[in-house]
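**Q** what shape does this take:
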Amino acid sequence: NFQKKETNWLWKPTLKQIRFLSCPAREVLYGGAKGGGKSDGLSIDAIQGIEKTGYKALILRRKMTDLDKSLIARSFDLYRGRGVYDGQKHRWKFAIGNYIEYGHCQKQRDVHNYDSAQYSYIGFEQAEQFSLEMYLHFFSVLRTTNPDIRLKMRLTANPGGIGQEWIKKRFWIGEREPNIMYSIKEKLVHPDGKEEEFEYDRSFIPATVYDNDYLMRGDKSYLMNLLQLPEDKKKAYLLGDWNSFEGQFFKEWDEKKHTCEPFTIPSNWRRYISFDWGYKDHACVLWFAEDMKTNNVYCYKELYINRTIDTEVASKFDEMSKGEDIYALYYPWDTDQERGQGVSIHERMDDATGRKYHWIKGNKSRLNGWSAVRYLLALREGGEPMLKIFNTCRNLIRTLPQQVFDESNSEDLDTFGEDHAVDRVEAARLVDLR
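**A** Now for the predicted structure:
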C-alpha cells in the first residue's frame, strides 16, 4: 500500500528489501555493506504492523542528531499522510494509539531510559555502533499482549565499529550461509532452578550497492565513491567483507594466547588492584599479580557492577581482597574531584576500606597507556605474551577485543565503546613496575 497509482510508486522495494521485509525470524540483520537500501528497509519494516492493536515500534541510533539527519528526515517522505509527527516525543502517531518512536543510546546507561516501555518492534540503525550489552538489554522491552503481533528485532549494519565482533559472531557472518533462517534453541534457568528450553529464529540477509537497482540505474556517483576507497574499506563497504576491516584497536589480541585457566597465585608474587568508578555505567575493579622473576602479569580477578555507591564498591573489593597482600591500588585521577560534599570519591573509598591501601593516581595520558597495553599483549620469544587473563574474568575478555579506533583521533580508542575494564589495564601502568 505504498503505491499512489498503478504506475506511480511512492516507494518500491528491491528484491533484497523484499526478502528482508518478508522474513519471519525474530532477529534479522540486513545489509552488511553500504548502499544496499538499509535505512529505507528499516523504515518500511517498522510500519508493517501499524494497523494492529497495541503495535509500538522503536528505531534506535547512538546519537539523536544522526536520526534527525537520516531516518526522521526520510520518514516525512514515507509516512506523511498516514500519521502525524510529534517532534517533542520524536514519534509518528497513527490510528488507535499506535506509534513509531525514534530513540538513542549514546551512553551505556541510556538503555535504562526505556525500561518502563514495551515495544513489539525494535530496530537498530547502524548496529555496529552499539555494544552487545546495549543490544541485549532491549530484549527486556520487546513484548506485546496481542497474539496477532509478531515480535521483531531488526538490525542494519556495516563492517567496523564497536559492534563488529559481536555482530559477526551472533549472525555467523563468514561461518554459515546467509539468507537462511536458523533455529536457535536455548535452555534457560528460572529463579527457582527449573530449566526451560526456548526456541526462536535468526537470519542474516546481506545487501550491497549492487543489489540497489535505483543506485545502479540512476546516478552512479555513489558507486564511484565506494570504488575509490582504500582497498580494505572498499572490500568492507562495497562488498560487505567483514574480515577486511582494520578498525580493531588491539590487533594483538588472541583469546587462546591471552587467557588461561585459574591457578593459585604464589604468595611471593606482587599483587595490585586497578579500579574505574561508575554508578550508572559500570564500576570495574581488576586484580593483577606479577611474577617478579619473569615479569609476566596475570589478571586473576574482576568485579564489574553498576548502580552501587562508591563506599559499597570499596567494601566489596576490600572483602574480595581479604587475606591478600596488595602492593598498590591504582585509581582514576578524576575521583579526586570533590562531588558537592567537600569529600572526594577517593577519600570516601579510602575511609570505607580503613585506609589500608597504598593508593596511586592513574596517569591522564591515555595514549601512553594504550602503548603499554599493546606492549603487554605482544607475543615474546616463544610465542607467549607478558599479560594473561584468567578465563573467569569474563568482562575484560569480552570487552578488550571489542575496542575500535576513534574516528576523530587515530591514536585513541572510541570512548563510546564499553571500555571500563580495558581502562583498568591501561591505568594500572603495569609497565611502570618493571
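**Q** could you report the pLDDT at residue 239?
**A** On pLDDT, residue 239 comes in at 91.
**Q** check contacts around it.
**A** Going by Cβ atoms under 8 Å, 6 or more residues apart in numbering, residue 239 touches 33, 208. In short, each C-beta sits where N, CA and C put it, glycine included.
**Q** where does it fall, phi/psi-wise?
**A** Residue 239 adopts backbone torsions of phi -100, psi -10, taken as degrees, to the nearest 10.
**Q** that one and residue 159: what is the separation?
**A** The gap separating residue 239 from residue 159 is 10 Å, by Cβ to Cβ, to the nearest Å.
**Q** give me the common contacts of these two.
**A** Jointly contacting residue 239 and residue 159 under the rule Cβ under 8 Å, 6+ apart are residue 33.
**Q** report the contact partners of residue 346.
**A** Applying Cβ under 8 Å, 6+ apart to residue 346 gives the contacts 331, 335, 336, 359.
**Q** helix/strand/coil for residue 29?
**A** Counting by DSSP: H, G, I helix; E, B strand; the rest coil, the backbone at residue 29 sits in strand.
**Q** I'd say it and residue 204 touch.
**A** Yes: the criterion here is Cβ atoms under 8 Å, and residue 29 meets it with residue 204 at 4.7 Å.
**Q** shared neighbours of these two, anything?
**A** Residues within reach of residue 29 and of residue 204 at once, by Cβ under 8 Å, 6+ apart, are residue 171.
**Q** for ChimeraX, write a command that selects the buried ones of the contacts of residue 346.
**A** To isolate the buried ones among those in ChimeraX, judged by 16 or more other Cβ atoms under 10 Å, type:
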select :331,335,359
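**Q** nearest to residue 117 among the contacts of residue 346?
**A** Proximity of the contacts of residue 346 to residue 117 (Cβ to Cβ) peaks at residue 335, which lies at 33.5 Å.
**Q** got a list of what the closest residue to that closest one other than its chain neighbours touches?
**A** Spatial nearest neighbour of residue 335, chain neighbours left out: residue 345 (4.0 Å); criterion: Cβ to Cβ, 6 or more residues apart in numbering. Each residue near residue 345 by Cβ under 8 Å, 6+ apart is listed here: 277, 310, 335, 336, 337, 339.
**Q** could I get these as a markdown table with pLDDT, secondary structure and distance to residue 119?
**A** Listed next are those as a markdown table, based on pLDDT from 0 to 100; DSSP: H, G, I helix; E, B strand; the rest coil; distance: Cβ to Cβ, whole Å:
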| residue | pLDDT | secondary structure | distance to residue 119 |
| --- | --- | --- | --- |
| 277 | 88 | coil | 32 |
| 310 | 94 | helix | 34 |
| 335 | 87 | helix | 37 |
| 336 | 87 | helix | 42 |
| 337 | 75 | coil | 38 |
| 339 | 59 | coil | 35 |
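**Q** tell me which of the residues you listed is nearest to residue 400?
**A** Closest to residue 400 out of the contacts of residue 345 is residue 277 (19.6 Å), distances taken as Cβ to Cβ.
**Q** and the closest one, how many neighbours?
**A** Applying other Cβ atoms under 10 Å, we find 19 residues neighbouring residue 277.
**Q** touching, it and residue 333? I think so.
**A** No: judged on Cβ under 8 Å, residue 277 makes no contact with residue 333 at a distance of 10.8 Å.
**Q** just the element for the nearest residue to residue 182 once chain neighbours are set aside, please.
**A** Spatial nearest neighbour of residue 182, excluding adjacent residues (Cβ to Cβ, 6+ apart): residue 202 at 5.6 Å. Using DSSP states H and E, residue 202 falls within strand 195-206.
**Q** residue 301 now?
**A** Residue 301 belongs to strand 297-305 when assigned by DSSP H and E.
**Q** phi and psi next, for the residue nearest in space to the middle of the chain.
**A** With distances taken as Cα atoms, centre = their mean, residue 131 lies nearest the centre of the chain, 0.5 Å away. Dihedral pair for residue 131: phi -80, psi 160, per degrees, to the nearest 10.
**Q** I'd like to know how far it sits from residue 162.
**A** 6 Å.
**Q** over to residue 110?
**A** Residue 110 sits 15 Å away from residue 162, going by Cβ to Cβ.
**Q** swap in residue 373?
**A** Residue 373 is 17 Å from residue 162, where distance means Cβ to Cβ.
**Q** neighbour count: those two, which is higher?
**A** The neighbour comparison of residue 373 against residue 162 (other Cβ under 10 Å) goes to residue 162, with 27 against 23.
**Q** confirm for me that that one is in contact with residue 405.
**A** No: contact criterion Cβ under 8 Å: residue 162 and residue 405 do not qualify, at 10.2 Å.
**Q** helices of the stretch 301-434 of the chain, start to end?
**A** Taking DSSP state H, counting those that start in this stretch, the helices of the stretch 301-434 of the chain run over residues 310-320, 345-352, 366-377, 394-399, 420-427.
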